[in-house]
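Student: Got a predicted model here, sequence first, then my questions.
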Amino acid sequence: VFCNEDYFTPIPRIEDKAQAAITVMDYNGHVVASYGGRGEKTGRRELNRATQSKRQTGSAMKPLGVYAPALDANLITWSTKISNEALTVGGTKFHNYDRRTSGPVTCQNALERSLNLVPLRILQSYGTRKSFDFLTQKMGFTTLVESVTINGKEYNDVGLAQLALGSMTYGAYTDEMTAAFATFGSGGVYHAPTYYSVVTSYDGKETILSYDTTGIQAISAETAYIMNRMLNTVVTGSSGTGRSAAFDGWNNNIFAKTGTTSDNKDRTFAGGTPYYCAYVWYGCDNPKPMNGISGNPALKLWKPVMQAIHKDLAKINFPSCSGVTTAKYCLVTGKIATETCSGTGTGYFKKDYMPKCDGEGHAVTSTPPNSSGAASSGTASENVSGGSESGAASSGATSSTPPESESVSSTPASSEAASQSAA
(Lines give C-alpha, C1' and ligand atoms only; values in the text may rest on other atoms or scores of the structure.)
Protein backbone atom coordinates (compact mmCIF):
# COMPACT_ATOMS: atom_id res chain seq x y z
CA VAL A 1 0.00 0.00 0.00
CA PHE A 2 2.71 2.48 0.99
CA CYS A 3 4.52 1.82 -2.29
CA ASN A 4 1.43 2.56 -4.36
CA GLU A 5 1.06 6.25 -5.22
CA ASP A 6 -2.67 5.80 -5.75
CA TYR A 7 -3.20 5.54 -2.00
CA PHE A 8 -1.56 8.89 -1.26
CA THR A 9 -3.73 11.99 -1.33
CA PRO A 10 -2.14 14.92 -3.25
CA ILE A 11 -1.93 18.23 -1.42
CA PRO A 12 -3.07 21.17 -3.56
CA ARG A 13 -0.63 24.04 -4.07
CA ILE A 14 2.22 22.26 -2.26
CA GLU A 15 5.17 20.84 -4.17
CA ASP A 16 6.37 18.61 -1.34
CA LYS A 17 4.99 15.10 -1.41
CA ALA A 18 3.29 14.05 1.78
CA GLN A 19 4.90 11.32 3.85
CA ALA A 20 3.24 8.75 6.09
CA ALA A 21 4.01 6.11 8.67
CA ILE A 22 2.16 3.14 10.13
CA THR A 23 2.57 0.65 12.95
CA VAL A 24 0.43 -2.50 13.17
CA MET A 25 0.37 -4.58 16.34
CA ASP A 26 -1.38 -7.62 17.72
CA TYR A 27 -2.79 -7.54 21.24
CA ASN A 28 0.24 -9.15 22.86
CA GLY A 29 2.59 -6.30 22.07
CA HIS A 30 4.13 -7.68 18.90
CA VAL A 31 4.69 -5.22 16.06
CA VAL A 32 3.60 -7.29 13.08
CA ALA A 33 4.14 -4.56 10.49
CA SER A 34 5.76 -1.15 10.35
CA TYR A 35 6.48 1.22 7.50
CA GLY A 36 8.20 4.55 7.93
CA GLY A 37 7.80 6.42 4.67
CA ARG A 38 6.35 6.75 1.23
CA GLY A 39 7.42 4.41 -1.56
CA GLU A 40 10.17 1.83 -1.81
CA LYS A 41 13.17 2.01 0.48
CA THR A 42 16.10 3.33 -1.55
CA GLY A 43 19.00 3.32 0.88
CA ARG A 44 20.37 2.15 4.20
CA ARG A 45 19.67 3.69 7.58
CA GLU A 46 16.93 5.90 6.19
CA LEU A 47 14.56 7.81 8.45
CA ASN A 48 11.88 5.53 9.84
CA ARG A 49 9.00 7.86 10.62
CA ALA A 50 7.11 5.10 12.42
CA THR A 51 9.68 4.87 15.22
CA GLN A 52 11.82 8.00 14.88
CA SER A 53 9.46 10.89 14.07
CA LYS A 54 7.43 12.54 16.82
CA ARG A 55 4.37 14.15 15.28
CA GLN A 56 1.22 15.75 16.67
CA THR A 57 -1.73 13.43 17.19
CA GLY A 58 -4.64 15.85 17.10
CA SER A 59 -7.96 14.49 18.35
CA ALA A 60 -6.60 10.94 18.45
CA MET A 61 -5.36 11.83 21.94
CA LYS A 62 -8.87 12.36 23.33
CA PRO A 63 -9.64 8.69 24.15
CA LEU A 64 -6.22 8.19 25.73
CA GLY A 65 -5.71 11.37 27.73
CA VAL A 66 -9.32 11.97 28.80
CA TYR A 67 -12.09 9.45 28.20
CA ALA A 68 -10.29 6.24 29.22
CA PRO A 69 -8.81 7.45 32.53
CA ALA A 70 -11.98 9.36 33.46
CA LEU A 71 -14.16 6.33 32.70
CA ASP A 72 -11.78 4.12 34.67
CA ALA A 73 -12.12 6.44 37.67
CA ASN A 74 -15.94 6.43 37.39
CA LEU A 75 -15.88 10.16 36.77
CA ILE A 76 -17.95 9.58 33.64
CA THR A 77 -20.09 6.87 32.06
CA TRP A 78 -21.21 6.24 28.50
CA SER A 79 -24.08 8.65 28.95
CA THR A 80 -22.81 11.28 31.40
CA LYS A 81 -24.09 14.63 30.16
CA ILE A 82 -21.39 17.29 29.76
CA SER A 83 -21.85 20.90 28.67
CA ASN A 84 -21.00 21.68 25.07
CA GLU A 85 -21.12 25.43 25.61
CA ALA A 86 -18.22 27.78 24.89
CA LEU A 87 -15.31 27.51 27.31
CA THR A 88 -12.73 30.07 28.39
CA VAL A 89 -9.79 29.10 30.61
CA GLY A 90 -7.20 31.61 31.73
CA GLY A 91 -8.15 34.00 28.96
CA THR A 92 -8.00 31.30 26.29
CA LYS A 93 -11.20 30.64 24.37
CA PHE A 94 -11.74 27.04 23.32
CA HIS A 95 -14.25 25.96 20.70
CA ASN A 96 -15.31 23.02 18.57
CA TYR A 97 -14.00 22.77 15.03
CA ASP A 98 -17.24 24.03 13.53
CA ARG A 99 -17.52 26.63 16.32
CA ARG A 100 -21.00 25.41 17.16
CA THR A 101 -22.20 24.90 20.71
CA SER A 102 -25.19 23.16 22.24
CA GLY A 103 -26.69 21.99 25.48
CA PRO A 104 -25.19 19.03 27.34
CA VAL A 105 -24.32 15.94 25.29
CA THR A 106 -23.39 12.42 26.36
CA CYS A 107 -19.75 11.41 26.48
CA GLN A 108 -20.40 8.78 23.82
CA ASN A 109 -21.91 11.32 21.44
CA ALA A 110 -19.10 13.80 22.07
CA LEU A 111 -16.50 11.15 21.25
CA GLU A 112 -18.37 10.00 18.15
CA ARG A 113 -18.48 13.58 16.85
CA SER A 114 -15.00 14.45 18.14
CA LEU A 115 -16.15 17.52 20.01
CA ASN A 116 -13.48 19.55 21.79
CA LEU A 117 -15.42 21.30 24.55
CA VAL A 118 -16.62 18.13 26.26
CA PRO A 119 -13.23 16.41 26.79
CA LEU A 120 -11.75 19.71 27.91
CA ARG A 121 -14.37 19.95 30.65
CA ILE A 122 -13.87 16.31 31.64
CA LEU A 123 -10.14 16.88 31.92
CA GLN A 124 -10.71 19.94 34.07
CA SER A 125 -12.53 17.68 36.53
CA TYR A 126 -10.17 14.72 36.24
CA GLY A 127 -6.96 16.75 36.46
CA THR A 128 -4.12 17.36 34.03
CA ARG A 129 -1.50 15.94 36.41
CA LYS A 130 -3.43 12.68 36.74
CA SER A 131 -3.83 12.45 32.98
CA PHE A 132 -0.12 13.11 32.40
CA ASP A 133 0.84 10.43 34.93
CA PHE A 134 -1.63 7.98 33.38
CA LEU A 135 -0.17 8.43 29.89
CA THR A 136 3.46 8.26 30.98
CA GLN A 137 3.18 5.57 33.66
CA LYS A 138 0.47 3.27 32.29
CA MET A 139 0.23 3.96 28.56
CA GLY A 140 3.95 3.96 27.74
CA PHE A 141 4.35 7.49 26.32
CA THR A 142 7.99 8.58 26.38
CA THR A 143 7.69 11.89 24.51
CA LEU A 144 5.59 13.91 26.97
CA VAL A 145 7.54 16.45 29.01
CA GLU A 146 6.90 18.06 32.39
CA SER A 147 9.17 20.97 31.57
CA VAL A 148 11.63 21.79 28.81
CA THR A 149 13.28 24.96 27.59
CA ILE A 150 13.36 25.55 23.83
CA ASN A 151 14.97 28.72 22.51
CA GLY A 152 14.64 30.33 25.89
CA LYS A 153 10.94 29.47 26.33
CA GLU A 154 9.43 27.02 28.78
CA TYR A 155 7.17 24.26 27.49
CA ASN A 156 5.28 21.46 29.20
CA ASP A 157 2.65 18.82 28.47
CA VAL A 158 0.71 19.07 31.74
CA GLY A 159 -2.12 21.11 30.28
CA LEU A 160 -5.63 20.97 28.88
CA ALA A 161 -4.78 21.46 25.20
CA GLN A 162 -1.85 19.07 25.35
CA LEU A 163 -3.69 16.17 26.97
CA ALA A 164 -7.27 16.65 25.77
CA LEU A 165 -6.59 17.86 22.23
CA GLY A 166 -3.14 16.47 21.46
CA SER A 167 -1.25 19.76 21.38
CA MET A 168 1.94 18.27 22.78
CA THR A 169 5.37 19.84 22.85
CA TYR A 170 6.95 17.22 20.62
CA GLY A 171 4.19 14.85 19.55
CA ALA A 172 4.19 11.05 19.66
CA TYR A 173 5.60 8.04 17.82
CA THR A 174 3.24 5.86 15.79
CA ASP A 175 4.24 2.67 17.63
CA GLU A 176 3.52 4.22 21.03
CA MET A 177 0.12 5.44 19.82
CA THR A 178 -0.67 1.98 18.46
CA ALA A 179 0.29 0.31 21.73
CA ALA A 180 -1.87 2.71 23.73
CA PHE A 181 -4.93 2.20 21.51
CA ALA A 182 -4.43 -1.56 21.63
CA THR A 183 -5.52 -1.54 25.28
CA PHE A 184 -9.08 -1.05 24.01
CA GLY A 185 -8.90 -4.48 22.35
CA SER A 186 -6.82 -6.35 24.93
CA GLY A 187 -9.05 -6.08 27.97
CA GLY A 188 -7.16 -3.05 29.22
CA VAL A 189 -3.72 -4.67 29.26
CA TYR A 190 -0.89 -2.48 27.97
CA HIS A 191 1.99 -4.08 26.07
CA ALA A 192 5.02 -2.06 25.04
CA PRO A 193 5.58 -2.26 21.25
CA THR A 194 8.10 -5.05 20.70
CA TYR A 195 9.91 -5.99 17.51
CA TYR A 196 11.06 -9.48 18.49
CA SER A 197 9.70 -12.63 20.09
CA VAL A 198 12.93 -14.31 21.12
CA VAL A 199 16.65 -13.77 20.58
CA THR A 200 18.94 -16.79 20.73
CA SER A 201 22.61 -17.56 20.32
CA TYR A 202 23.86 -18.37 16.82
CA ASP A 203 23.29 -22.08 17.38
CA GLY A 204 19.89 -21.63 18.97
CA LYS A 205 20.90 -23.32 22.19
CA GLU A 206 20.90 -20.26 24.42
CA THR A 207 18.06 -17.79 24.83
CA ILE A 208 19.46 -14.29 25.15
CA LEU A 209 16.21 -12.30 25.15
CA SER A 210 12.59 -13.38 25.35
CA TYR A 211 9.56 -11.14 25.29
CA ASP A 212 7.24 -11.24 28.29
CA THR A 213 3.68 -10.99 27.02
CA THR A 214 2.20 -10.42 30.48
CA GLY A 215 1.86 -6.65 30.10
CA ILE A 216 0.35 -4.33 32.72
CA GLN A 217 -3.29 -3.67 33.53
CA ALA A 218 -3.49 -0.02 32.43
CA ILE A 219 -7.28 0.23 32.70
CA SER A 220 -9.90 -2.23 33.90
CA ALA A 221 -11.36 -4.79 31.51
CA GLU A 222 -14.71 -3.04 31.96
CA THR A 223 -13.30 0.36 30.98
CA ALA A 224 -11.53 -1.15 27.97
CA TYR A 225 -14.70 -2.81 26.67
CA ILE A 226 -16.84 0.30 27.10
CA MET A 227 -14.17 2.41 25.35
CA ASN A 228 -14.11 -0.19 22.57
CA ARG A 229 -17.84 0.18 22.06
CA MET A 230 -17.78 3.98 22.33
CA LEU A 231 -15.03 4.14 19.69
CA ASN A 232 -17.02 1.76 17.50
CA THR A 233 -19.63 4.52 17.13
CA VAL A 234 -16.94 6.65 15.48
CA VAL A 235 -17.33 4.14 12.61
CA THR A 236 -20.97 3.08 12.88
CA GLY A 237 -22.64 6.22 14.26
CA SER A 238 -24.52 8.55 11.95
CA SER A 239 -22.27 11.41 13.08
CA GLY A 240 -19.07 9.40 13.35
CA THR A 241 -15.92 11.06 12.01
CA GLY A 242 -14.51 7.67 10.89
CA ARG A 243 -17.47 6.21 9.04
CA SER A 244 -15.42 5.40 5.94
CA ALA A 245 -13.17 3.04 7.95
CA ALA A 246 -15.75 0.26 7.75
CA PHE A 247 -14.71 -2.57 5.45
CA ASP A 248 -15.72 -6.08 4.43
CA GLY A 249 -18.35 -6.63 7.10
CA TRP A 250 -16.11 -5.68 10.03
CA ASN A 251 -18.18 -2.56 10.79
CA ASN A 252 -19.32 -3.56 14.28
CA ASN A 253 -15.91 -4.87 15.24
CA ILE A 254 -13.77 -1.81 14.56
CA PHE A 255 -12.87 0.77 17.17
CA ALA A 256 -11.36 3.95 15.77
CA LYS A 257 -10.44 7.59 16.23
CA THR A 258 -9.54 10.30 13.73
CA GLY A 259 -7.10 13.13 14.35
CA THR A 260 -6.43 16.50 12.76
CA THR A 261 -4.32 19.42 13.94
CA SER A 262 -5.81 22.92 13.95
CA ASP A 263 -3.40 24.12 11.28
CA ASN A 264 -4.13 20.96 9.25
CA LYS A 265 -0.45 19.99 9.11
CA ASP A 266 -0.97 16.50 10.54
CA ARG A 267 -3.69 13.93 9.93
CA THR A 268 -3.89 10.72 11.94
CA PHE A 269 -6.05 7.65 12.29
CA ALA A 270 -6.10 4.88 14.86
CA GLY A 271 -8.22 1.77 14.52
CA GLY A 272 -8.40 -1.81 15.66
CA THR A 273 -10.19 -5.08 14.92
CA PRO A 274 -10.26 -8.24 17.04
CA TYR A 275 -6.98 -9.24 15.34
CA TYR A 276 -4.86 -6.10 14.98
CA CYS A 277 -4.57 -2.45 15.93
CA ALA A 278 -2.90 0.15 13.70
CA TYR A 279 -2.10 3.86 13.77
CA VAL A 280 -1.23 6.03 10.77
CA TRP A 281 0.31 9.50 10.61
CA TYR A 282 0.13 11.55 7.38
CA GLY A 283 1.85 14.86 6.63
CA CYS A 284 4.98 16.57 5.30
CA ASP A 285 8.44 16.20 6.81
CA ASN A 286 8.56 19.99 6.97
CA PRO A 287 5.03 20.57 8.26
CA LYS A 288 2.76 22.38 5.83
CA PRO A 289 -1.00 22.96 5.89
CA MET A 290 -2.82 20.26 3.93
CA ASN A 291 -5.74 22.44 2.92
CA GLY A 292 -8.05 21.51 0.11
CA ILE A 293 -7.99 17.74 0.56
CA SER A 294 -11.15 15.75 1.16
CA GLY A 295 -11.43 13.09 3.80
CA ASN A 296 -8.69 11.84 6.09
CA PRO A 297 -5.62 10.70 4.11
CA ALA A 298 -4.36 8.69 7.09
CA LEU A 299 -7.59 6.68 7.11
CA LYS A 300 -7.23 6.16 3.37
CA LEU A 301 -3.94 4.35 4.05
CA TRP A 302 -5.14 2.51 7.16
CA LYS A 303 -8.11 0.95 5.41
CA PRO A 304 -6.41 -0.86 2.49
CA VAL A 305 -3.66 -2.11 4.82
CA MET A 306 -6.23 -3.59 7.18
CA GLN A 307 -8.29 -4.96 4.30
CA ALA A 308 -5.28 -6.80 2.96
CA ILE A 309 -4.21 -8.39 6.24
CA HIS A 310 -7.79 -9.42 7.11
CA LYS A 311 -8.57 -10.89 3.68
CA ASP A 312 -8.37 -14.54 4.76
CA LEU A 313 -9.19 -14.11 8.45
CA ALA A 314 -12.39 -15.46 9.94
CA LYS A 315 -14.92 -12.94 11.19
CA ILE A 316 -14.78 -12.86 14.99
CA ASN A 317 -15.98 -10.49 17.69
CA PHE A 318 -14.10 -8.73 20.43
CA PRO A 319 -14.36 -10.78 23.63
CA SER A 320 -17.26 -9.62 25.79
CA CYS A 321 -16.76 -8.44 29.35
CA SER A 322 -18.75 -10.03 32.18
CA GLY A 323 -18.57 -6.82 34.19
CA VAL A 324 -20.34 -4.74 31.52
CA THR A 325 -24.02 -4.67 30.62
CA THR A 326 -26.24 -2.70 28.28
CA ALA A 327 -28.88 -0.52 29.86
CA LYS A 328 -31.25 2.30 29.08
CA TYR A 329 -30.39 5.77 30.29
CA CYS A 330 -32.41 8.95 30.68
CA LEU A 331 -31.93 11.44 27.86
CA VAL A 332 -32.31 14.35 30.27
CA THR A 333 -29.95 13.35 33.09
CA GLY A 334 -27.75 10.77 31.38
CA LYS A 335 -28.25 8.39 34.30
CA ILE A 336 -29.78 4.91 34.27
CA ALA A 337 -33.43 5.32 33.35
CA THR A 338 -36.35 4.67 35.66
CA GLU A 339 -40.06 4.46 34.96
CA THR A 340 -40.31 8.26 35.23
CA CYS A 341 -37.98 8.85 32.26
CA SER A 342 -39.94 9.53 29.07
CA GLY A 343 -36.99 9.51 26.69
CA THR A 344 -34.24 6.91 26.84
CA GLY A 345 -31.13 5.76 25.02
CA THR A 346 -29.11 2.57 25.25
CA GLY A 347 -25.48 2.33 26.26
CA TYR A 348 -22.81 0.17 27.89
CA PHE A 349 -22.18 0.42 31.63
CA LYS A 350 -20.11 -1.16 34.38
CA LYS A 351 -22.36 -3.43 36.40
CA ASP A 352 -20.91 -2.08 39.63
CA TYR A 353 -21.40 1.58 38.66
CA MET A 354 -24.85 2.42 37.31
CA PRO A 355 -26.07 5.69 38.89
CA LYS A 356 -29.85 5.87 38.57
CA CYS A 357 -31.83 8.85 37.39
CA ASP A 358 -33.29 10.88 40.23
CA GLY A 359 -35.67 12.80 37.99
CA GLU A 360 -33.77 16.07 38.35
CA GLY A 361 -34.40 18.28 35.35
CA HIS A 362 -37.41 16.32 34.08
CA ALA A 363 -39.60 19.38 34.54
CA VAL A 364 -37.45 21.60 32.33
CA THR A 365 -37.40 21.62 28.54
CA SER A 366 -35.90 18.45 27.16
CA THR A 367 -34.67 20.09 23.97
CA PRO A 368 -31.75 22.32 24.96
CA PRO A 369 -31.18 25.36 22.75
CA ASN A 370 -28.48 25.28 20.14
CA SER A 371 -25.92 28.04 19.60
CA SER A 372 -28.39 30.23 17.74
CA GLY A 373 -30.90 30.09 20.59
CA ALA A 374 -33.46 28.05 18.66
CA ALA A 375 -34.62 24.77 20.15
CA SER A 376 -33.50 21.68 18.28
CA SER A 377 -36.35 19.56 17.05
CA GLY A 378 -37.04 15.97 16.26
CA THR A 379 -36.09 12.84 18.18
CA ALA A 380 -32.71 12.29 19.75
CA SER A 381 -30.09 10.87 17.46
CA GLU A 382 -27.14 9.72 19.56
CA ASN A 383 -26.32 6.33 18.07
CA VAL A 384 -24.96 3.46 20.11
CA SER A 385 -23.81 -0.03 19.31
CA GLY A 386 -26.78 -2.24 19.91
CA GLY A 387 -29.43 0.45 20.00
CA SER A 388 -30.44 4.00 19.21
CA GLU A 389 -32.04 6.68 21.29
CA SER A 390 -35.75 7.34 21.18
CA GLY A 391 -37.99 9.86 22.83
CA ALA A 392 -38.56 13.56 22.73
CA ALA A 393 -35.40 14.68 24.50
CA SER A 394 -32.33 15.75 22.59
CA SER A 395 -28.80 15.98 23.91
CA GLY A 396 -27.56 18.50 21.41
CA ALA A 397 -27.71 19.08 17.71
CA THR A 398 -25.68 16.82 15.48
CA SER A 399 -24.53 17.39 11.96
CA SER A 400 -25.16 14.80 9.30
CA THR A 401 -21.69 15.32 7.96
CA PRO A 402 -19.61 16.56 10.91
CA PRO A 403 -16.01 17.56 10.28
CA GLU A 404 -13.21 16.10 12.34
CA SER A 405 -12.39 18.36 15.26
CA GLU A 406 -9.23 20.19 14.32
CA SER A 407 -7.56 20.75 17.59
CA VAL A 408 -3.84 21.37 17.83
CA SER A 409 -0.84 23.16 16.48
CA SER A 410 1.93 21.17 14.83
CA THR A 411 4.68 23.33 16.30
CA PRO A 412 5.95 23.20 19.90
CA ALA A 413 4.22 25.70 22.13
CA SER A 414 4.15 26.77 25.73
CA SER A 415 1.12 25.82 27.77
CA GLU A 416 -0.53 29.17 27.06
CA ALA A 417 0.32 29.26 23.36
CA ALA A 418 -0.62 25.65 22.87
CA SER A 419 -4.00 26.31 24.39
CA GLN A 420 -4.61 29.17 22.01
CA SER A 421 -3.70 27.13 18.95
CA ALA A 422 -5.75 24.22 20.22
CA ALA A 423 -8.94 26.17 20.49
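Tutor: Sure thing, it's come through.
Student: who does the helix or strand containing Gln162 touch, helix- and strand-wise?
Tutor: For Gln162, the element it lies in under DSSP states H and E is helix 160-164. Contact here means 3 or more C-beta pairs under 8 Å, 6 or more residues apart in numbering; DSSP states H and E; on that basis helix 160-164 packs against helix 117-126, helix 128-137, helix 415-422. To be clear about C-beta, it is placed using only N, CA and C from the backbone, and glycine gets the same treatment.
Student: mind giving me JSON lines with the ones you listed and columns for mean neighbour count, mean pLDDT and distance to Pro274?
Tutor: Shown next, in JSON lines, are the helices and strands packed on helix 160-164 (neighbours: other C-beta atoms under 10 Å; pLDDT from 0 to 100; distance: least, C-beta to C-beta, whole Å):
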{"stretch": "helix 117-126", "mean neighbour count": "23", "mean pLDDT": "98", "distance to Pro274": "27"}
{"stretch": "helix 128-137", "mean neighbour count": "19", "mean pLDDT": "98", "distance to Pro274": "25"}
{"stretch": "helix 415-422", "mean neighbour count": "20", "mean pLDDT": "34", "distance to Pro274": "34"}
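Student: Would you format those helices as a markdown table with distance to Ser197 included?
Tutor: Below are the helices and strands packed on helix 160-164 laid out as a markdown table (distance: least, C-beta to C-beta, whole Å):
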| stretch | distance to Ser197 |
| --- | --- |
| helix 117-126 | 37 |
| helix 128-137 | 26 |
| helix 415-422 | 39 |
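Student: Can you tell me which of those is nearest to Gly103?
Tutor: helix 117-126 (11.6 Å; C-beta to C-beta).
Student: contact partners of the closest one?
Tutor: Counting contacts by C-beta atoms under 8 Å, 6 or more residues apart in numbering, the residues outside helix 117-126 that touch it are 62, 65-67, 69-70, 73, 75-76, 82-87, 89, 94-96, 101, 105, 107, 110-111, 131, 160, 163-165.
Student: coming back round to it: relative to Ala50, which of the helices and strands packed on helix 160-164 is closest?
Tutor: Nearest to Ala50 among those is helix 128-137; the distance by C-beta to C-beta comes to 19.5 Å.
Student: Show me which helix or strand of this structure is least confident by mean pLDDT.
Tutor: Lowest on mean pLDDT, DSSP states H and E among the helices and strands of the chain sits strand 387-388, with a mean of 30.
Student: list the contacts for the residue lying farthest from the centre of the chain?
Tutor: Largest separation from the mean C-alpha position in the chain: Asp203, at 44.8 Å (C-alpha atoms, centre = their mean). Going by C-beta under 8 Å, 6+ apart, Asp203 touches no other residue.
Student: Okay, and which of the contacts of helix 117-126 map to strands?
Tutor: 82-84, 87, 89, 94, 105 (DSSP state E).
Student: Around the nearest residue to Ser220 once chain neighbours are set aside, count how many other residues there are.
Tutor: Leaving out its chain neighbours, the residue that sits closest to Ser220 by C-beta to C-beta, 6 or more residues apart in numbering is Gly188, at 5.5 Å. Here the number of neighbours of Gly188 (other C-beta atoms under 10 Å) works out to 24.
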